[in-house]
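> A predicted structure for the sequence below; I have some questions about it.
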Amino acid sequence: METLRYNYAHRLLHWLIALMVLGLLAVGALLGNLGFEGLKDLVGLEMTNQLYGYHKTFGIIILALMVLRLVLKRLFRSPAYQPPLSGFERAASLTVHSLFYVALILMPVLGWMGTAAGGFPVQFFDFTLPGLIPENKELSETFFQLHGIVGWVILGLILIHVAAAIYHWRIKRDGVMTRMSLL
């Protein structure tokens, strides 16, 4: 009998990444709106440095977990929808999921490049990762603008994804929610 759920590793990664992305979007909005000086005035230098450090570290973790998800996606087939989705639902699902993969890989790469081009350390816990590109303040600003735009795209994709999940769960009641549930 064919299973109608993703394997447990895939489901666990989905929820782990989802929680980290929500946290990083919240911290990123704070960093983006207040900037270093504004945040420093609000919470102090030590907490500001910690927030930037955690933001960078968890961004790198998301990048690694998204690569792992791509590997798992290649190794394990996605479960069939039962009952099958309509053509529109299939196309919408494929589009949103594909955009999620692109955005969740692009976002940390843009942050990494913006940080490096800004002349700041690319932190992963207590380690400093290679910057990969030389310092260039204008390029850094461009990378961070794109980083912010991708953040808004991710937020929009989350809203669409959650709305579709609620639709399948509460209106269609078609079992789509069990495909990715941990329980």
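That came through, no problem.
> The spatially closest residue to residue 36 that is not a sequence neighbour: which element?
In space, and not counting its chain neighbours, residue 36 is closest to residue 48: 6.4 Å by CB to CB, 6 or more residues apart in numbering. Where C-beta positions appear, they are placed from N, C-alpha and C, glycine not excepted. Secondary structure assigned from DSSP states H and E places residue 48 in helix 45-75.
> which secondary element of the protein has the worst mean pLDDT?
strand 122-124 (a mean of 93; mean pLDDT, DSSP states H and E).
> strands paired with it, and their directions?
strand 127-129 (antiparallel) (DSSP bridges).
> Compute the number of surrounding residues for residue 62.
Applying other CB atoms under 10 Å, we find 20 other residues in the vicinity of residue 62.
> right, I mislabeled it, should have said residue 39
Residue 39 is flanked by 20 other residues according to other CB under 10 Å.
> Can you tell me the element it falls in?
Secondary structure (DSSP H and E) places residue 39 in helix 8-43.
> ok so, going back, show the average pLDDT along the helix holding residue 48.
The pLDDT scores in helix 45-75 average 96.
> Show the subsequent helix or strand relative to that helix.
Downstream of helix 45-75, the next assigned helix or strand under DSSP H and E is helix 87-117.
> Just want the angle from that next one to helix 45-75.
Orientation of helix 87-117 against helix 45-75 (axes from the mean of the first three to the mean of the last three CA atoms, to 10 degrees) gives an angle of 140 degrees.
> Quick one: list the elements packing against helix 87-117.
Counting by 3 or more CB pairs under 8 Å, 6 or more residues apart in numbering; DSSP states H and E, the packing neighbours recorded for helix 87-117 are helix 45-75, strand 122-124, helix 137-166.
> Distance from the shortest one to the middle of the chain?
Same thing as strand 122-124. Relative to the centre of its chain, strand 122-124 is centred 17 Å away, using CA atoms, centre = their mean, to the nearest Å.
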